[in-house]
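1. predicted structure and sequence below. I'll ask about it afterward.
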Amino acid sequence: MTRSRTRVDAHVKVLDDDVVALAKERGIDALVYAPHFTRLTTVRERAARYADDDLTIVPGREVFTGDWGNRRHLLVVGLDEPVPDYITFEAAMAEFDRQEAAVLVPHPGFATISLTRPEIAAHAERLAAVETYNTKLLPHQNARTRRIAEVTDQPGFGSSYAHLPGTVGEAWTEFDGDLDDADAVVDAFREERPRTVVHRGGVGHQLRGLVEFAHLGYENTWEKLDRLFLSGDEPTLPTNVVYEGRFNDVSVYSGTLSDYRPK
């Protein structure tokens, strides 16, 4: 008898009709949708719009902790209440603990935006998994992520980390059993259920990864943040009215737009 499995592309930034069609074509059963600088309510609404019986969409947040020059990204699923970007790492982790959310470590050890091996080791009991394959990373960087997971004794996960629609389904986390909805996927991570990290191969996969890696130049520029924040909405800054002042005392900036600009 064939054992059932559930394929989860555990981190994507894009979601539309083309993304959904490609995910299904590539045999993906669930996507974790966690766009940058987007409120949890907005993520949930968009996830609900595109989910159907054949593709589960799990709302997630990639929270930026710390300041722009020394930020640590945390991929979080299972949140009940919104958590802003640019608060201290410990404040963010305390809030995730309070909500019993599953905290995943994306692209560990990468540049100045990721948890380091000592940080992962120090917080191991508070983490649900460490990314061991990310399509956007280069081969030597993915080899490093696997070593980090091994030495810190953390479960792995894999994702396309798709910022571009054509990358969705290039890598995934394959769990034993049927995970029928978003809550089941969150529970699988939270409970550290058995899984395998899988990715596509061949020249096409390698080229797709290089295109995504090149896209980092845009993703990490202030020009992009200007386009997000100059609207005046500033949706995930801790001083936004949606957070009702709960995070003002743990914000790493004073709250004006100019204070968020890298020096």
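-> Nice, I can see it. No experiment lies behind these values; they were computed from the predicted model shown.
2. doesn't residue 115 fall inside a helix?
-> No - counting by DSSP: H, G, I helix; E, B strand; the rest coil, residue 115 is not found in a helix; it is coil.
3. the strands in this structure, which residues?
-> 5-12, 30-33, 56-65, 72-77, 102-105, 129-134, 156-159, 171-176, 195-199 (DSSP state E).
4. tell me the mean pLDDT over the fourth one?
-> The reference is to strand 72-77. Average pLDDT, strand 72-77: 97.
5. give me the helices and strands touching that strand, please.
-> Packing partners of strand 72-77 (3 or more CB pairs under 8 Å, 6 or more residues apart in numbering; DSSP states H and E): strand 56-65, helix 89-99, strand 102-105, helix 182-190. (C-beta placed from N, C-alpha, C; glycine too.)
6. so can I have CSV of the ones you listed showing distance to residue 12, mean neighbour count and mean pLDDT?
-> Output for those, formatted as CSV (distance: least, CB to CB, whole Å; neighbours: other CB atoms under 10 Å; pLDDT from 0 to 100):
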stretch, distance to residue 12, mean neighbour count, mean pLDDT
strand 56-65, 9, 24, 97
helix 89-99, 21, 17, 98
strand 102-105, 13, 25, 98
helix 182-190, 13, 21, 98
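7. distance to residue 243 added to these, as JSON lines?
-> Formatted as JSON lines, these follow (distance: least, CB to CB, whole Å):
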{"stretch": "strand 56-65", "distance to residue 243": "13"}
{"stretch": "helix 89-99", "distance to residue 243": "11"}
{"stretch": "strand 102-105", "distance to residue 243": "19"}
{"stretch": "helix 182-190", "distance to residue 243": "22"}
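8. for residue 254, the count of nearby residues, please.
-> Residues within reach of residue 254, counting by other CB atoms under 10 Å, total 10.
9. quick one: it and residue 82, what's the gap?
-> To residue 82, residue 254 is 21 Å away according to CB to CB, to the nearest Å.
10. so residue 130 touches residue 151, yeah?
-> No - using CB atoms under 8 Å, residue 130 is not in contact with residue 151; the gap is 10.3 Å.
11. anything in contact with each of the two?
-> Both residue 130 and residue 151 lack any common contact, where contact means CB atoms under 8 Å, 6 or more residues apart in numbering.
12. which one's more surrounded, these two?
-> More crowded of residue 130 and residue 151, by other CB under 10 Å: residue 130, with 26 against 11.
13. most tightly surrounded among the strands of the chain?
-> For these, the largest average neighbour count (mean count of other CB atoms under 10 Å) is found in strand 30-33, namely a mean of 28.
14. please compute how far that one lies from its chain's middle.
-> 10 Å (CA atoms, centre = their mean, to the nearest Å).
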